[in-house]
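Asker: here's my sequence, what's the structure:
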Amino acid sequence: MLVIVVENAPPRLRGRLGLWLIEVRAGVYVGKVSRRVREMIWDNLEKGIIDGSAVMAWSSNTESGFDFLTLGANRRIPVELDGIKLVSFLPVDKPESH
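Answerer: Now for the predicted structure:
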């Protein structure tokens, strides 16, 4: 199982994702593909996301049962702790006081 969520993705990239996966909600794609196809899709995401962001999660033989990659600016960043991938949050930017 593969799940991809994109934000602020160009229409061209969304159209390409729609060739390989089903868009179940705006910007949310799911499907079942081979590792080779998953890597090709990620390569297309890296080249086409421009100013947007993406996360790709798939079933994997890990302790959690899945793995994931992220791309683009986001407050959530993946961190590995004792061999388990978790998500950490960057602090919220506070506006400067004048």
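Asker: strands along this protein, start to end?
Answerer: Using DSSP state E, the strands of the chain run over residues 2-7, 22-25, 28-31, 53-59, 66-71, 76-81, 84-89.
Asker: buried ones in the fourth one?
Answerer: Looking back up the chat, that one is strand 53-59. Buried residues in strand 53-59, counting neighbours by 16 or more other CB atoms under 10 Å, are found at 53, 54, 55, 56, 58. In short, each C-beta sits where N, CA and C put it, glycine included.
Asker: out of the strands of the chain, which one sits most buried?
Answerer: Among the strands of the chain, strand 2-7 has the highest mean neighbour count (mean count of other CB atoms under 10 Å), at a mean of 20.
Asker: in this protein, where's the longest helix?
Answerer: helix 35-48 (DSSP state H).
Asker: could you list the low-pLDDT ranges of the protein?
Answerer: For the chain, the stretches flagged by pLDDT under 70 are 75, 89-90, 92-98.
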